[in-house]
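Chemist: here is my input, please return the structure:
(one chain, ligands or ions: 1)
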Amino acid sequence: SLCYLDGLYTPLRDAKISVLDRGFIFGDGVYEVVPVYGGAPFCFEEHMARLDRSLAELRIANPLTREEWQAIAMRLVEASPAEQRAAVQALYIQVTRGVAPREHAMPQGLVPTVFVMLNPMKPVPDAVRTKGVACVSAQDFRWQKAHIKSTSLLGAVLARQISVEAGAAETIMFRGDWLSEASSSNVWVVKDGAVSGSPKDELVLAGIRYGLIERICGEAGIPFSLRRIARDEVFGADELLLSSATKEVLPVVTLDGQPIGTGRTGPIFQAIDAGYQRAKE
Ligand code: PDD
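Modeler: Coordinates of the predicted model:
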């Protein structure tokens, strides 16, 4: 498939970067994953705004304008096979600080490396979505700047592998006694018909789905709040949900082998999922 690298469109297999790219050497870069439904990027403006915030944290100037980002996305969509375009795709965007002799300090005047690819996205099968998934818990051993959507993802890789080895869908992480998020998704706790999520601070990556879920809850008359959530509240929830660009909204029915609520998909999940599916149209 076609990708975009530093101003050129090339087949993905031919795209090459320097070994001195700071993304490769230091993980000195940021990224975005944007779902594309029927050829249309979903919540593109929100993803672009978060890319700006991540780049600002790294003190990298956004190398492209909104129009240029949009044009790259559309060019890759148009170059993709019609049957993939008709289904769900994932647009991956990465910006690194660029190529320089290896030194930790930020070199000035580098040209950022820009890479964009579009891949088919395997949607979560309907059977899994209706049955719900199992998760495991772990201490959040990542760093203190989890709000940056950084390509330094070793913490996420190690955390995700814990659930892989337990045969579970995600690893839900706690900082001490407090819920943070999962290895590559946000976590929502449902109690007495109300939805709560972790505060948008530096300890979590506030997903683009934060805004969507808040809006859907508002429309459905479901109370919504962001607050610190203790471990007991997670295990004692009526329902537990995950959200991300690729998972959409997904019900969690067991955590560390213990059932959550009834141990089955619940009504708040169904209401939010219905709202989400409508928002995609
Ligand atoms: N991950 N938290 C973390 C740590 C994440 O990596 C992600 C997304 C989210 C959810 O954010 P959003 O709703 O904007 O997708 C939360 C992407 C999908 C990934 O790394 O592939």
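
Chemist: grab the nearest non-local neighbour of residue 202.
Modeler: Nearest non-adjacent residue to residue 202, counting by Cβ to Cβ, 6 or more residues apart in numbering: residue 147, 4.8 Å away. (Each C-beta comes from the backbone N, C-alpha and C, glycine too.)

Chemist: give the contact list for that neighbour.
Modeler: By Cβ atoms under 8 Å, 6 or more residues apart in numbering, the contact list for residue 147 reads 57, 200-206.

Chemist: go on, residue 159?
Modeler: Counted by Cβ under 8 Å, 6+ apart, residue 159 has contacts 138, 140-142, 171, 173, 183.

Chemist: who does the nearest residue to residue 139 once chain neighbours are set aside bridge with?
Modeler: Excluding the flanking residues, the one nearest residue 139 by Cβ to Cβ, 6+ apart is residue 174, at 6.2 Å. Taking DSSP bridges as the rule, residue 174 bridges to residue 139, residue 179.

Chemist: circling back to that earlier point, shouldn't the residue nearest to residue 202 be within a strand?
Modeler: No. The assignment for residue 147 is coil, going by DSSP: H, G, I helix; E, B strand; the rest coil, so no strand is present there.

Chemist: residues near residue 81, how many?
Modeler: Residue 81 sits with 10 neighbouring residues when counted by other Cβ atoms under 10 Å.

Chemist: picking up where we left off before, surely the residue nearest to residue 139 meets residue 187?
Modeler: No. Between residue 174 and residue 187 there is no contact under Cβ atoms under 8 Å: 10.1 Å.

Chemist: give the residues shared as contacts by those two.
Modeler: Contacts common to residue 174 and residue 187, judged by Cβ under 8 Å, 6+ apart, are residue 234.

Chemist: show me how to select, in PyMOL, the buried members of the contacts of residue 159.
Modeler: Buried residues within the contacts of residue 159, by 16 or more other Cβ atoms under 10 Å, are selected in PyMOL with:
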select buried, resi 138+140+142+171+173+183
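
Chemist: and stretch 232-251, does that touch the ligand?
Modeler: Yes. On the criterion Cβ under 6 Å from any ligand atom, stretch 232-251 is in touch with the ligand at 243-246.

Chemist: which among these count as buried?
Modeler: Using 16+ other Cβ under 10 Å, the buried members of those are 243-245.

Chemist: so where does residue 74 fall, helix or strand?
Modeler: helix 66-79 (DSSP states H and E).

Chemist: end-to-end on stretch 212-226?
Modeler: 14 Å (Cα to Cα, to the nearest Å).

Chemist: just the strands in the stretch 101-250 of the chain please.
Modeler: Listed in chain order, the strands of the stretch 101-250 of the chain (DSSP state E, counting those that start in this stretch) span residues 113-120, 133-139, 170-175, 178-182, 186-191, 194-197, 224-226, 239-244, 248-255.

Chemist: what residue spans form the domains of the chain?
Modeler: Following automatic domain parsing, one finds the domains of the chain at 2-120, 126-279.

Chemist: could you work out the end-to-end span of the longest one for me?
Modeler: Just to be clear, that refers to domain 126-279. Domain 126-279: ends 18 Å apart by Cα to Cα.

Chemist: do the same with stretch 178-192
Modeler: First residue to last in stretch 178-192 (Cα to Cα) measures 20 Å.
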